[in-house]
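> what's the 3D shape of this:
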Amino acid sequence: TTTTLKKRRALVMMALHHRIHPRSMFALVLLFCRATLISSLSLSPSAQKIRALSLDITGTLLATREPVIKSYHDAAVWARLPNPPSQDEMKRGFKVAFQERCIESPCFGGVEGISGRNWWRTTVRRVLHHASPDATYTEEEFDRYFRRVYQHFGSPAGYMVLEDAQHLLTSLRDDDDLLLGITSNTPTRHMESVLPMLDSLHDHFSWFACSQDVKYEKPSMEIFEASYQQAKFWLPDLQKDEVLHIGDSYACDYCGAKRYGFQALLLDRSENPSVTTYQDWMEAPDYEGKSLEDAQENTITSLSEVVALLQDVSGRVKI
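Coordinates of the predicted model:
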């Protein structure tokens, strides 16, 4: 009803004004967005022709083949850890440990100057501690367990390409007018191993800006600057507003990209059971024109929508 929509809108505007937790705010935004047909998405009429497309990885292009917690638990059973934590305990332990480690050693060890493997080794040990605080494991037991976990997420069994992402990349493969790249809060291993092992997915992209390499993470200006500079190697005259960034995080992807000067689309994965939200504690930065209407007009639910948005009758890429 009209009254209900007004209440929802009031809640969202209050969230925007008071800068409540980005995950909560995004949920409120979606309440109002559902009242409008997403397929009617239209961007600013002053938007420039899009020459480069920047994409997030986790939750946008890829998802784990099975829940992370199941993989952690199965590895514990395989490694024959004594009295391994249950999946519920693992879930609690992972949530706490991952956030702690991301805050104390940002960018998967990039800021601290340690390897991604060492970052994950400490993180996985912390997961076990929070999952079962009274349990103790020998170094041999932990090493066996950690290697199993690390191997799994470094193998094709760890990740899958989301169906709409594959459709987008396949549709744009022969489009010489559009440069594709990656801007992602992920470890270097995603660039160098995960994407290549998934049917050479890396071949679709010309640049790769990841937080571990850059030592800054979205929504910071620095990682978008690194992305922009890498894109300009291929297109030296590229302007910021000729880059469209797409990701599934309101704070990291949408607000971060808009503040930097890129155009942006927010990919709503809330109804995709394969996608889990990470780094949901990030604060959404302000940008010029930030509003409920802006978020509403620039939200999509599938990357397949992007194909239609990017193609005009002549086949040239624009938005």
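
> from here on, contacts and neighbour counts on C-alpha atoms
Noted.

> burial count for the residue lying closest to Ser115 once chain neighbours are set aside?
On the basis of CA to CA, 6 or more residues apart in numbering, the spatially nearest residue to Ser115 that is not a chain neighbour turns out to be Gly109, at 6.1 Å. Summarising burial for Gly109: neighbours were counted as other CA atoms under 10 Å, giving 23.

> Next one: Gly247 from Pro219, what distance?
As defined by CA to CA, to the nearest Å, Gly247 lies at a distance of 11 Å from Pro219.

> go on, Glu104?
Distance from Glu104 to Pro219, by CA to CA: 17 Å.

> what about the two, which has more around it?
In this view Glu104 and Pro219 are compared by other CA under 10 Å, and Pro219 has more residues nearby, 26 against 12.

> So what does that one have for phi and psi?
According to degrees, to the nearest 10, the main-chain angles of Pro219 amount to phi -90, psi 20.

> now swap in Leu55 and tell me
In this entry, Leu55 is assigned phi and psi values of phi -130, psi 140 (degrees, to the nearest 10).

> For it, give its distance to Ala131.
In this view, Leu55 and Ala131 are 33 Å apart by CA to CA.

> returning to that earlier point: need the residues touching each of Gly247 and Pro219.
Residues touching both Gly247 and Pro219 by CA atoms under 8 Å, 6 or more residues apart in numbering: Asp253.

> What count of nearby residues applies to Asp241?
Counted with other CA under 10 Å, the neighbours of Asp241 add up to 18.

> Arg51 too?
Close neighbours of Arg51, defined as other CA under 10 Å, add up to 23.

> Nearest residue to it in space, please, no chain neighbours.
In space, not counting the residues next to it along the chain, Arg51 is nearest to Leu178; the distance is 5.0 Å by CA to CA, 6+ apart.

> Pull the contacting residues for that neighbour.
Counting by CA under 8 Å, 6+ apart, Leu178 touches 50-53, 172, 317.
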